[in-house]
Every structure is written in structure tokens, then in C-alpha cells.
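Trainee: Predicted model and sequence below, questions to follow.
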Amino acid sequence: MSTITVRQSGLQVPAIVVGCMRINKRDTVEAEGFIKFALERGACFFDHPDIYGAGDCETRFAQAIGTNPKIREAIQFQCLGKNGTSYIKRRETACPKPGRIPEGT
């Protein structure tokens, strides 16, 4: 997947960000499937700031990745804020190649 540079940090991130605005409408199993689907396609940058669902989207995301450590390890970036309060959490490992979710997921 192609990348772009985050202006303030110089950080290289995937060009496609997976929006999680309505992930709280899914149950934990569906949310895990949604995240896994994105990761299988090389999208490992997830946007779920606290304003989405009054924090419920962050909670559902955490529940979904908490059920599967292999998925949790495949996520490289998370955008956790909006409107000037944004920050990006970065893992030191690279995104998996599309179709390459770690075994055991």
C-alpha cells in the first residue's frame, strides 16, 4: 500500500485510513472481522477518536482487538483525536503485506 507523510511528524502512514465512526454498531465479533478485513488488504491505520459514538467506538475497537492478540499486533497506526487534539499512536512494526495476517487469527 502506498504511504503519505504526516506533516508535523514526518511519519510515513498508509494512504488509506480505515474509519471506525460506526464500529460501535457492530458486535465484538463483527468488529473483529471488520478490522481483520482491513488488515488483510494492507490497511493498518485506524481512525477512531473519542468523539465517535461518545467514546463507544474506541471501546468496541478495543474489545475487538483485545480478543485476538495477532490482530492487535498487526495494527500499526491509530488516530485517536479530532479538531486539533489529534495524535497518532505508532507501533514500531510495519504493516503486514496485504493478505498476510499473522497465523492464528
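Mentor: Arrived safely.
Trainee: For the strand or helix carrying Phe37, name the packing helices and strands.
Mentor: In the assignment (DSSP states H and E), Phe37 maps to helix 28-40. Helix 28-40 sits against helix 56-66, helix 69-74, with contacts defined as 3 or more CB pairs under 8 Å, 6 or more residues apart in numbering; DSSP states H and E. All C-beta spots, glycine's among them, are computed from the backbone N, C-alpha and C.
Trainee: again, 10 Å this time
Mentor: Counting contacts by 3 or more CB pairs under 10 Å, 6 or more residues apart in numbering; DSSP states H and E, helix 28-40 packs against strand 18-19, strand 45-47, helix 56-66, helix 69-74.
Trainee: Just the residues contacting the first one, thanks.
Mentor: Spelled out, it's strand 18-19. Taking contacts as CB atoms under 10 Å, 6 or more residues apart in numbering, the residues outside strand 18-19 that touch it are 34-35, 37-39, 41, 43-48, 52, 57, 75, 77-79.
Trainee: and that strand, how far from the chain's centre?
Mentor: Chain-centre distance of strand 18-19: 7 Å, with CA atoms, centre = their mean, to the nearest Å.
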